[in-house]
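Asks: Give me a model of this one.
(one chain, ligands or ions: 1)
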Amino acid sequence: MVNITWAERKSPVLSSSSLACLAHIPGINLTSGCAHDCIYCYAHGYSAFPGTNNVIIYENILEKLKNELTRKRNKPRAVYFSPSSDIFQPVPEVLELSHSVLEFLLSRDIGIAFLTKGYIPDKTLKLLLNNADKVRAQIGIITPDENVRKMFEPNAANIQVRLEQMEKIAAGGIAVEARLVPILPGITDTPDSIERLCAAISDTGIKHAAISALFLRPAITATLRKHIIDKEILDSLLSLYKDKKRLAVHAEHSSIIPLPREKRDEMYSHFMEIGKKYGIEMSICGCMNPDIGGICNITGKWTETVLQPGLFH
Ligand code: SF4
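Replies: Residues are numbered from 1 along each chain as shown. Here you go, the predicted model:
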């Protein structure tokens, strides 16, 4: 059961990010916390994280957004919805607010980019499809296995729902990419899991996917320890990160405990090889793998004058 709290947003609604793939357009956060409660969620380490099962909804976000855009001399060509709080969480109040904000932005001819692991309500999907040339979507999907999904993403949409949405979004002309992040070493990087996931994605018509391995921070490790009841799975996962050597990320603003470089190289090669077989081009998330490079481009590609459908790279 999720606890909902309403709060006034004091700071500006449109914000900029230090992440390379988010830096070129402003972002919006409609909530603090996310009802999907994925147990690997990197937002668990944020100082503003309200705790598992808690979601704070910013009640004045639409009004503030309208005011900010009225004052701006140049309106942004697009905005992205922050990946640290899904806009399609299974909370009616959040879904209504998301719809209103999307509707407003699209009515002002401002493009939108979002990443979701949630169920998109029909009326919002229709709105997005009616504005396909102004939308960039990423659908998070890490496994073809419902048991793994339930363990790691307890409140997110089930795999079948996500695949069906991916198919509708791709068929409707929205530029859409699958986001296979985080890859859980020893769990979702087995040849069988990658094959089945790539086959399912390929059937939806999607041709691009972003990849990056699970990284740890103390708060993420603590959440994994709390929620993975099978000790064998937990120990085997955490043992892969035991050298605890940190890697500076986000333009050196923060650091993570990564999977060792050689293991990530091997893992990414497998994904790329199998992806190729299914006609899926894989991109490594450069923000979380600065030692390897790459760019996964969460916001999609926006040109100054034309919003071209089907462009992610
Ligand atoms: S959907 Fe994204 S923001 Fe929400 S809990 Fe999962 S990883 Fe975190």
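Asks: Tell me the secondary structure of the residue nearest to residue 131 when sequence neighbours are not counted, please.
Replies: Beyond its immediate neighbours in the sequence, the residue positioned closest to residue 131 (Cβ to Cβ, 6 or more residues apart in numbering) is residue 106, lying 4.6 Å away. Backbone N, C-alpha and C define where each C-beta goes, glycine included. At residue 106, secondary structure determined by DSSP: H, G, I helix; E, B strand; the rest coil is helix.
Asks: Do I have it right that residue 106 meets residue 133?
Replies: No: because the distance of 10.4 Å does not satisfy Cβ atoms under 8 Å, residue 106 is recorded as not touching residue 133.
Asks: what about these two, which has more around it?
Replies: Neighbour tally, residue 106 and residue 133, criterion other Cβ atoms under 10 Å: the higher count belongs to residue 106, 17 against 13.
Asks: Tell me the first helix or strand C-terminal of the longest strand seen in the chain.
Replies: Selection of the longest strand in the chain by residue count, based on DSSP state E, yields strand 175-183. Elements were assigned by DSSP states H and E; along the chain past strand 175-183, the next helix or strand is helix 191-204.
Asks: what's that following helix packed up against?
Replies: Packed against helix 191-204, as judged by 3 or more Cβ pairs under 8 Å, 6 or more residues apart in numbering; DSSP states H and E, are the following elements: helix 159-171, helix 261-277.
Asks: Pick the most deeply packed of those helices.
Replies: Mean neighbour counts were compared across the helices and strands packed on helix 191-204 using mean count of other Cβ atoms under 10 Å; the top stretch is helix 159-171, at a mean of 18.
Asks: Tell me the helices and strands packed up against that helix.
Replies: With contacts defined as 3+ Cβ pairs under 8 Å, 6+ apart, the secondary structure elements packing on helix 159-171 are helix 122-130, strand 135-140, strand 175-183, helix 191-204.
Asks: ok, back up a step: nearest to the ligand, of the helices and strands packed on helix 191-204?
Replies: Each of the helices and strands packed on helix 191-204 has some distance to the ligand by Cβ to the nearest ligand atom; the shortest is helix 159-171, at 11.4 Å.
Asks: on that earlier part again, quick check: which of the helices and strands packed on helix 191-204 is nearest to residue 9?
Replies: Taking Cβ to Cβ as the criterion, residue 9 comes closest to helix 159-171 out of the helices and strands packed on helix 191-204, the separation being 28.5 Å.
Asks: give me the number of residues near the residue in the stretch 101-250 of the chain that the ligand sits nearest to?
Replies: For the stretch 101-250 of the chain, the nearest residue to the ligand under the criterion Cβ to the nearest ligand atom is residue 117, separated by 4.4 Å. Close neighbours of residue 117, defined as other Cβ under 10 Å, add up to 23.
Asks: I'd guessed it sits against residue 153; true?
Replies: Yes: proximity of residue 117 to residue 153 meets the contact threshold set by Cβ under 8 Å, at 6.1 Å.
Asks: just to revisit the earlier point, just send the helices and strands packed on helix 191-204 back as a markdown table, with mean pLDDT and distance to the ligand too.
Replies: Converted to a markdown table, the helices and strands packed on helix 191-204 look like this (pLDDT from 0 to 100; distance: least, Cβ to the nearest ligand atom, whole Å):
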| stretch | mean pLDDT | distance to the ligand |
| --- | --- | --- |
| helix 159-171 | 98 | 11 |
| helix 261-277 | 97 | 19 |
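Asks: how about a markdown table for those helices, with distance to residue 149 added?
Replies: Putting the helices and strands packed on helix 191-204 into a markdown table (distance: least, Cβ to Cβ, whole Å) gives the following:
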| stretch | distance to residue 149 |
| --- | --- |
| helix 159-171 | 6 |
| helix 261-277 | 18 |
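Asks: rewinding a little: and the helices and strands packed on helix 159-171 as TSV, adding mean pLDDT, mean neighbour count and distance to residue 162?
Replies: As requested, these are exported to TSV (pLDDT from 0 to 100; neighbours: other Cβ atoms under 10 Å; distance: least, Cβ to Cβ, whole Å):
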stretch	mean pLDDT	mean neighbour count	distance to residue 162
helix 122-130	98	14	13
strand 135-140	96	25	6
strand 175-183	97	25	9
helix 191-204	98	18	9
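Asks: Can I get those in TSV including distance to the ligand?
Replies: Below are the helices and strands packed on helix 159-171 laid out as TSV (distance: least, Cβ to the nearest ligand atom, whole Å):
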stretch	distance to the ligand
helix 122-130	16
strand 135-140	7
strand 175-183	9
helix 191-204	17
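Asks: Residue 79 is nearest to which of these?
Replies: Checking the helices and strands packed on helix 159-171 against residue 79 by Cβ to Cβ gives strand 135-140 as the closest, at 10.8 Å.
Asks: do stretch 41-49 and the ligand meet at all?
Replies: Yes: where contact is defined by Cβ under 6 Å from any ligand atom, part of stretch 41-49 touches the ligand, namely 41, 43.
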